[in-house]
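Participant: fold the following and give me the result.
(one chain, ligands or ions: 1)
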Amino acid sequence: MLGACATGPRFEEVATKDTSRTFDTVVVDAGHGGKDNGAYRKFGGAEKIATLDVASRVSRKLRGAHLHTVMTRNSDVFIPLEERVSIENAQKNAIFVSIHFNDSRRRGIRGFETYYHSASSIGLANRIQAKLMTLPRSANRGVHHANFRVLRLARYPAVLVECGFLSNPREGGEARDSDYRDELADRIADAIIEQRHGEGGRTAKNEQSSENVTSPFLNRD
Ligand SMILES: [Zn+2]
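Facilitator: Below you'll find the model as predicted:
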């Protein structure tokens, strides 16, 4: 879920670099955090908790495939949207993947959605959405263009994934299940790895160090 302010004032278009096939760093953004709970429903708990868990799992899986990852947060802290974008834009050769869960007043609404802004992000968005659709009983709400700040201000390909509706009893219940969150992370990570290395890329590992995780928070103070 994105708050009403997530779109923000209009700025001029940001020139994006198409690193969608060449990236070596993935900025993994766990939506919300700290004072910003995101969506909150009794079925799914706070969105900020589920997003951090899925994002951490995605990051771990990508590191296992020898991609460099940067988490915009790795604890329950509030990070302004502009800072999330700055973290991405400070990388040399990156893509940005933001993890969210959805919310609706209508409990029956469910399914996955993936958003992009720049044309260079469409391939990644389509791939993530298609991979999520391989989960059992998944519902497809489509890939959409959006003006969200974290996407619009990104210098690199950037997507935002809505991993199901916390307001839906079944998807909200699934979001509470760590095995299911691992399945979500698996699909998202697989899509990113395929985007970089082509299908079967997950097994085409090279001999880089696995100690290549960095966090902007660990590098401070
Ligand atoms: Zn959200």
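
Participant: just checking, what packs against the helix or strand harbouring residue 130?
Facilitator: Assigning secondary structure by DSSP states H and E places residue 130 in helix 122-132. On a contact count with 3 or more Cβ pairs under 8 Å, 6 or more residues apart in numbering; DSSP states H and E, helix 122-132 meets strand 94-102, strand 112-116, strand 140-145, strand 158-165, helix 178-197. Bear in mind the C-beta positions are built from the backbone N, C-alpha and C, glycine included.

Participant: let's go with 6 Å and repeat that
Facilitator: Packing contacts for helix 122-132, counted by 3 or more Cβ pairs under 6 Å, 6 or more residues apart in numbering; DSSP states H and E, involve strand 112-116, strand 140-145, strand 158-165, helix 178-197.

Participant: just grab the bridge partners of residue 145 for me.
Facilitator: With DSSP bridges applied, residue 145 shows beta-bridge pairing to residue 116.

Participant: ok, back up a step: distance from the helix holding residue 130 to the middle of the chain?
Facilitator: 11 Å (Cα atoms, centre = their mean, to the nearest Å).

Participant: what do you get for stretch 103-112?
Facilitator: For stretch 103-112, the distance to the chain centre is 19 Å (Cα atoms, centre = their mean).

Participant: need the helices and strands packed on helix 122-132 in JSON lines (columns: mean neighbour count, distance to the ion and mean pLDDT).
Facilitator: Shown next, in JSON lines, are the helices and strands packed on helix 122-132 (neighbours: other Cβ atoms under 10 Å; distance: least, Cβ to the ion, whole Å; pLDDT from 0 to 100):
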{"stretch": "strand 112-116", "mean neighbour count": "25", "distance to the ion": "11", "mean pLDDT": "98"}
{"stretch": "strand 140-145", "mean neighbour count": "14", "distance to the ion": "15", "mean pLDDT": "98"}
{"stretch": "strand 158-165", "mean neighbour count": "28", "distance to the ion": "7", "mean pLDDT": "98"}
{"stretch": "helix 178-197", "mean neighbour count": "20", "distance to the ion": "14", "mean pLDDT": "97"}
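
Participant: what's the closest of these to residue 131?
Facilitator: Residue 131 sits nearest to helix 178-197 of all the helices and strands packed on helix 122-132, at 4.1 Å, using Cβ to Cβ.

Participant: for that closest one, enumerate the helices and strands it packs against.
Facilitator: The helices and strands touching helix 178-197, judged by 3+ Cβ pairs under 6 Å, 6+ apart, are helix 47-64, helix 122-132.

Participant: the longest one: which residues count as buried?
Facilitator: By 16 or more other Cβ atoms under 10 Å, the buried positions in helix 47-64 come out as 47-59, 61-63.

Participant: what mean pLDDT does it have?
Facilitator: Average pLDDT, helix 47-64: 98.

Participant: so which residues make contact with it?
Facilitator: Helix 47-64 has contacts (Cβ atoms under 6 Å, 6 or more residues apart in numbering) with 26, 28, 30-33, 37-39, 69, 71, 99-101, 175, 181-182, 184-185, 188-189, 213.

Participant: gap between the very next helix or strand once past that helix and the chain center?
Facilitator: Next helix or strand after helix 47-64 toward the C-terminus (DSSP H and E): strand 68-71. Distance of strand 68-71 from the chain centroid (Cα atoms, centre = their mean) equals 12 Å.
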